[in-house]
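Enquirer: next input, structure requested:
(chains A and B)
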Amino acid sequence: MSADVAIQVEGVSKRYPLFAHPWHAVRYLASLIWRGTVPASLSTGHGVQALSDIGFNVGKGERVGLVGRNGAGKSTLLKLLAGNFPPTTGRLTINGTVYCLFPGAVSFSFEQSAEENARQYLSYLGLTPQELQARIDEIRDFTELGEYFYQPTKNLSLGMRVRAEFAVATAQSADVVIIDEVLGAGDIYWSEKIARRMDKMCADGTTLLLVSHSLSQVNRYCERAVWIERGRVLMDGPALEVTKRYEGFLERLSWQTDDLDDKSVALDGAAEEMGNEVLSDSGQTVTRWPGKGGVRVTGVWLNGRAAQKLELVKNDPLEVRLMLRAREAGDYNLRYLLTFWDANGKRMAAVENETDRFSVAPSAKDGTHEVLFSRAGFGLKSGLYYLTLTVSDAWATAHTTSEYATRVDVLYKSFEIEVKAHALAVQPESLYQLNLVSGGDAR
Amino acid sequence: MSLLDNFLGKRDLLLRSIKVEIRAQHAGTVLGMAWIVLGPLLLLSLYGLIYAVVFDVRVPNFSRSEYILNVFSGLVLFIAFSQAMSASTTALSKEQKLIFSNFPSEFIPTKSVAVAYLVLLPATVFVVLGDAVFSRASWHLLLLPVVAILQLAFSIGIGCLLSLLGLVMRDISFLIQYIVIAILIVTPIAYTPDMVPARIKPLLYLNPLYYYVSANQHLILLNQLPPTIEIVLGTAMSLLMFLLGVWVFKRARMAMMDLL
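Expert: This next block holds a predicted model:
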């Protein structure tokens, strides 16, 4: 194993035995003790295949997010890593010390104060009394509990306790930090504080493996993401690329089932299908989310250029020209929405146009329709933004709340806009009205 | 020797975790750590009352107070052993979060056994004081820690096995209560081996606790070493059970992931 690799996962499979009767568990244990291995009959017969042939490496200092539905195998993988358990087949290697942060890993004894609890948890670390005291002071300052820090935990509110437990859990670190869904909730003030503490914990050189259902957290903390679906690696790549496809996958699933965790419902080859698609008219590579179809965006020009990435200075105007192709003749009443996301996956602004009514004559070839709209200037502060274009059916919007019925076509986070220099900061989610410059009947 | 690597290399961690556990157990109580001393004191007084006043057993060669001391020297070992047994059956399900961490997993049953054995410390002090006051103390008392450590080693071995069994058979936590009572009956604590009919006397040797109880009684009351055969068998059994328990536990480690 190379020295720059922190975690190496090679062809790892994990099968959990299923026991129809409690006696089978006893037999399983007996066989484990007697032969030293999981009995073959149990590993091939009844069982749950949690992981099948997973493989990836995490480099030293790399921050990787694991995404996937509940039961996809993420937690099994973390458990294998955390407890240093041998997988059913394959090999797991970790280079360096490991610290695992699992939900409930730190749970305070109610009879003892936060301070005593902290002292107990940290006593496992083998610190000198001075170091221990310094850590405890640091935890006290972070939690802002004041006198409550010295009160029995049962007198604390749930929020206070969770905060203190989080502070203790993150007061330690290691070469490799594994986190499973613990970046707690809280108000904005606390989520900022927690985020800063996380940054500190995963400071330079720390390797991070993060499991989270919050894709914005994955985008915020990780530069790379691995998408696991039904025990296999479906996609491994830059966090944004993976999470946006995963989001699209969930979106698509939600149209088929109410239970996103239902494993019988899956889209085969989803990752590929969600993959890049080249716009036939303007040539950029985009990520198309499924819509109800009917009309597809086939060309996008930003400020006149068929570019993937656009640089804007200060309050430069933005002009968007779209080429749409309708599959069938008919009357259309569409609405176009542009959404700006920052690099952390936060929605920063959205712009919407007036409804665009047009009809495609039965004789029209391909049913093409061109739209041009512009915005005089954005108050977006400088930085990198990802642009999503949503085409929705304005008629359907009035009659249903189902996204599926209204969404016609989506190009998700497919364009990048770099805003240079200092423009005015905007409030997140501010909505601008776009001017429809031209539109109308199809040619 | 990889079997005992953690016991040798990470004993500080083990000791710290035992200390933490003991403190956590007593947190929030009015008397706090005083219970460590008070508990055995209450227990011994109760047993003393029953055996001396209610039952009023008369044993040849023993005065009444000597008889009670004799009961106590066996009883303290039994109490520690039975508490350790019940604690270790539920240890793994209670400490799930430690299983998925770099805490050595064999320390989980070891810790719960060791915490249960804390009672032995003050209880032995009481018995030794009683010996000095009501009977005759001798240098043999210095060997009491050896007996305690051998029994602790045996209990850790048993505890490792029981904790695994508790994982696959929840029934064991019910069963253990009756096993404990059975052991109390078959161990010569309230009676002496001489009172046992000669025919079934050899059966005493099948009870592992007999060796420790007998050793304690020899050292405290009789002021002599236990019979050589008992020393050899008892020591060998302790060490073997300890090694077997830890070995089995490590070998069956996979079950912790699959069954929890």
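Enquirer: can you report how many residues lie near the residue nearest to residue A:99 when sequence neighbours are not counted?
Expert: Spatially, and ignoring its direct neighbours in sequence, residue A:99 is nearest to residue A:174 (3.6 Å; CB to CB, 6 or more residues apart in numbering or on different chains). Heads up, the C-betas are built off the backbone N, CA and C, glycines and all. The local packing of residue A:174 (other CB atoms under 10 Å in any protein chain shown) involves 16 other residues.
Enquirer: hang on, residue A:174 packs against residue A:96?
Expert: Yes. Using CB atoms under 8 Å, residue A:174 is in contact with residue A:96, at 7.1 Å.
Enquirer: show me which residues of chain A are close to chain B?
Expert: Listed as neighbours of chain B in chain A under the rule CB under 8 Å from any CB of the partner chain: A:16-17, A:22, A:25-26, A:28-29, A:32-33, A:36, A:38, A:78-80, A:82-86, A:97-98, A:100, A:102, A:104-105, A:107, A:109-112, A:116, A:120, A:123-124, A:126, A:152.
Enquirer: may I see the PyMOL selection of the buried members of those residues?
Expert: Only the buried members of those enter the following PyMOL selection, criterion being 16 or more other CB atoms under 10 Å in any protein chain shown:
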select buried, chain A and resi 16+17+25+26+28+29+32+33+38+78+79+80+82+83+85+86+98+100+102+105+109+111+112+116+120+123+124+152
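Enquirer: all the helices of chain B, in order from the start?
Expert: Along chain B, counting by DSSP state H, helices occupy B:5-9, B:11-26, B:34-48, B:64-89, B:91-94, B:96-99, B:107-116, B:120-134, B:144-168, B:172-186, B:208-217, B:228-251, B:253-259.
Enquirer: next, the contact list for residue A:344, please.
Expert: Counting by CB atoms under 8 Å, 6 or more residues apart in numbering or on different chains, residue A:344 touches A:216, A:219, A:220.
Enquirer: so which strand or helix has the first one?
Expert: So that's residue A:216. If you go by DSSP states H and E, residue A:216 is part of helix A:215-221.
Enquirer: tell me how many other residues surround the residue of chain B found nearest chain A.
Expert: Closest to chain A within chain B is residue B:28: 2.7 Å, counting by CB to the nearest CB. Using other CB under 10 Å, the number of residues around residue B:28 comes to 14.
Enquirer: name the nearest residue to it, ignoring sequence neighbours.
Expert: Closest to residue B:28 by CB to CB, 6+ apart is residue A:111, at 2.7 Å.
Enquirer: assign that neighbour to helix, strand or coil.
Expert: Classification of residue A:111 by DSSP: H, G, I helix; E, B strand; the rest coil places it in coil.
Enquirer: measure it to residue B:11 for me?
Expert: Between residue A:111 and residue B:11 the distance is 28 Å, computed by CB to CB, to the nearest Å.
Enquirer: try residue A:140
Expert: Counting by CB to CB, the gap from residue A:140 to residue B:11 is 31 Å.
Enquirer: who has more neighbours, these two?
Expert: residue A:140 (18 against 11).
Enquirer: need the residues that contact stretch B:180-190.
Expert: B:51, B:55, B:57, B:71, B:74-75, B:78, B:81-82, B:85-86, B:195-196, B:203-204, B:207, B:209-210, B:213-214.
Enquirer: again, only this time at 7 Å
Expert: Contact partners of stretch B:180-190, identified using CB atoms under 7 Å, 6 or more residues apart in numbering or on different chains, comprise B:51, B:71, B:74-75, B:78, B:82, B:85, B:196, B:204, B:207, B:209-210, B:213.
Enquirer: for the closest residue to chain B within the stretch 51-200 of chain A, give its distance to residue A:140.
Expert: In the stretch 51-200 of chain A, the residue that lies nearest chain B is residue A:111 (2.7 Å; CB to the nearest CB). According to CB to CB, residue A:111 stands 19 Å off from residue A:140.
Enquirer: got a markdown table for the helices of chain B, with distance to residue A:12 and mean pLDDT too?
Expert: A markdown table is the format used below for these (distance: least, CB to CB, whole Å; pLDDT from 0 to 100):
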| stretch | distance to residue A:12 | mean pLDDT |
| --- | --- | --- |
| helix B:5-9 | 25 | 86 |
| helix B:11-26 | 28 | 86 |
| helix B:34-48 | 47 | 87 |
| helix B:64-89 | 32 | 90 |
| helix B:91-94 | 24 | 88 |
| helix B:96-99 | 19 | 82 |
| helix B:107-116 | 25 | 94 |
| helix B:120-134 | 45 | 91 |
| helix B:144-168 | 24 | 94 |
| helix B:172-186 | 33 | 91 |
| helix B:208-217 | 42 | 94 |
| helix B:228-251 | 21 | 94 |
| helix B:253-259 | 13 | 82 |
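Enquirer: where along the stretch 251-400 of chain A do the helices fall?
Expert: A:270-273, A:394-399 (DSSP state H, counting those that start in this stretch).
Enquirer: mind checking how far whatever helix or strand residue A:199 lives in is from the chain centre?
Expert: According to DSSP H and E, residue A:199 maps onto helix A:188-201. How far helix A:188-201 lies from its chain's middle: 18 Å, per CA atoms, centre = their mean, to the nearest Å.
Enquirer: tell me which of the helices of chain B lies nearest to residue A:340.
Expert: helix B:96-99 (41.6 Å; CB to CB).
Enquirer: return the set of buried residues in that closest one.
Expert: B:97, B:98, B:99.
Enquirer: the first one and residue A:106 touch, don't they?
Expert: No. Assessed by CB atoms under 7 Å, residue B:97 is found out of contact with residue A:106, at 8.6 Å.
Enquirer: quick one on the thing from earlier: after the helix holding residue A:199 comes which helix or strand?
Expert: strand A:207-211.
Enquirer: any buried residues in that next one, and which?
Expert: A:207, A:208, A:209, A:210, A:211.
Enquirer: just to revisit the earlier point, if you average pLDDT over each of the helices of the stretch 251-400 of chain A, which is lowest?
Expert: Lowest mean pLDDT within the helices of the stretch 251-400 of chain A: helix A:270-273, a mean of 56.
Enquirer: for the residue of chain B closest to chain A, phi and psi?
Expert: The phi and psi values for residue B:28, taken as degrees, to the nearest 10, are phi 80, psi -10.
Enquirer: let me see the contact set for the residue nearest the centre of chain B.
Expert: Geometric centre of chain B, nearest residue: residue B:81, 2.8 Å, by CA atoms, centre = their mean. Residue B:81 makes contact with B:151, B:155, B:209 under the criterion CB under 7 Å, 6+ apart.
Enquirer: likewise for residue A:61?
Expert: A:205, A:206, A:207.
Enquirer: and it, which of the three is it?
Expert: Going by three-state DSSP: residue A:61 is coil.
Enquirer: what is the burial count for the closest residue to residue A:359 other than its chain neighbours?
Expert: Take residue A:359 and drop its neighbours on the chain: the residue closest to it by CB to CB, 6+ apart is residue A:331, 4.5 Å away. Per other CB under 10 Å, the neighbour tally for residue A:331 reads 9.
Enquirer: against residue B:71, how distant is residue A:331?
Expert: For residue A:331 relative to residue B:71 (CB to CB), the value is 99 Å.
Enquirer: related to what we said a few turns ago, show me which of the contacts of residue B:81 is closest to residue A:70.
Expert: residue B:155 (41.0 Å).
Enquirer: what are the pairing partners of the helix or strand harbouring residue A:11, and which direction each?
Expert: Per DSSP H and E: residue A:11 is located in strand A:5-17. According to DSSP bridges, strand A:5-17 has the following sheet partners: strand A:47-59 (antiparallel), strand A:89-94 (antiparallel).
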